[in-house]
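Asks: Structural data only, the sequence is not supplied:
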Ligand code: URA
């Protein structure tokens, strides 16, 4: 890749600024000051330094966001704040959300520029498990739990695939469950609860595949995934 592109991608400066830095001798490649910004480097092997500081090129970036309610899962929106708006400008180039949470849903959202991983996580063939914490109005009983687990008619061609239900609390007219599904249909959790005569009042995603929401992240905060988290998602 061209040295100026490398430097600009790493936010060292704009293309024209980095050309100036190179001319001034502030950039070294494998220990040698270079004078031309259009030379080709191997970003996986060459050691590039700016003012002595080693620059390492990350082709793919992965962020875990604790999505708050009130922001939309999109890269751009004319009306609402988006999940991308929650990241600093310098990090968002080519970054997109993997899948979608409703505006009023909170919790785990993966943001990346890795199209292949995103495709694999969202592919209907892969049945990646997603677990939600779900607060509902309505009554829950064993028959309804069995229905949710076996599959319910939410108005689509097919009933939902088998799901897992963990009961957190049941009161007379409301209940809390953890629901694990392996599909990603539009408003799926809300429609599943409606299919058993309930109404979701609060929804939060806790996990996606092996990735678990880091509860130390405040709503609206994000962090980079660890190497273990990235390899867990890829395996
Ligand atoms: N199911 C829903 O109904 N909403 C979400 O945001 C995610 C899953």
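Replies: Done, it's in. What you see is a predicted model, and the numbers here were worked out from it, not measured in a lab.

Asks: What helix or strand is the nearest residue to residue 1 once chain neighbours are set aside located in?
Replies: Distance criterion C-beta to C-beta, 6 or more residues apart in numbering; nearest residue to residue 1, sequence neighbours excluded, is residue 43 at 5.2 Å. Bear in mind the C-beta positions are built from the backbone N, C-alpha and C, glycine included. Assigned by DSSP states H and E, residue 43 belongs to no helix or strand.

Asks: Contact partners for the most centrally placed residue in the chain?
Replies: Nearest to the mean C-alpha position of the chain, counting by C-alpha atoms, centre = their mean, stands residue 110 at 1.0 Å. Counting by C-beta atoms under 8 Å, 6 or more residues apart in numbering, residue 110 makes contact with 62-65, 97-99, 118, 121, 208, 211, 225, 233.

Asks: Quick check: which element contains it?
Replies: Take DSSP H and E as the rule and residue 110 turns out to sit in strand 106-112.

Asks: Pretty sure residue 61 sits against residue 95.
Replies: Yes. Residue 61 is within contact range of residue 95, at 6.7 Å (criterion: C-beta atoms under 8 Å).

Asks: which intervals of the chain have sub-threshold pLDDT?
Replies: Along the chain, the model assigns pLDDT under 70 to no residue.

Asks: now the helices: where do they sit in it?
Replies: 3-9, 15-23, 115-122, 142-150, 188-195, 227-234 (DSSP state H).

Asks: Mind putting those into JSON lines with mean neighbour count?
Replies: What follows is those, written out as JSON lines (neighbours: other C-beta atoms under 10 Å):
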{"stretch": "helix 3-9", "mean neighbour count": "20"}
{"stretch": "helix 15-23", "mean neighbour count": "16"}
{"stretch": "helix 115-122", "mean neighbour count": "15"}
{"stretch": "helix 142-150", "mean neighbour count": "15"}
{"stretch": "helix 188-195", "mean neighbour count": "21"}
{"stretch": "helix 227-234", "mean neighbour count": "14"}
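
Asks: Select, out of those, the one closest to the ligand.
Replies: helix 188-195 (3.4 Å; C-beta to the nearest ligand atom).

Asks: touching the ligand at all, that closest one?
Replies: Yes. Using C-beta under 6 Å from any ligand atom, we find that helix 188-195 touches the ligand at 188-190.

Asks: Give the other helices and strands that that helix contacts.
Replies: Judged by 3 or more C-beta pairs under 8 Å, 6 or more residues apart in numbering; DSSP states H and E, the packing partners of helix 188-195 are strand 130-137, strand 174-181, strand 199-208.

Asks: now what about it, what contacts it?
Replies: Under C-beta under 8 Å, 6+ apart, the answer for helix 188-195 is 102, 132, 134, 136, 138, 147-148, 152-155, 160, 163, 179, 181, 185, 199-200, 203.

Asks: do stretch 98-113 and the ligand meet?
Replies: Yes. Stretch 98-113 reaches the ligand (C-beta under 6 Å from any ligand atom) through 101-102, 105.

Asks: Counting neighbours, which of those residues comes out on top?
Replies: residue 101 (23 neighbours; other C-beta atoms under 10 Å).
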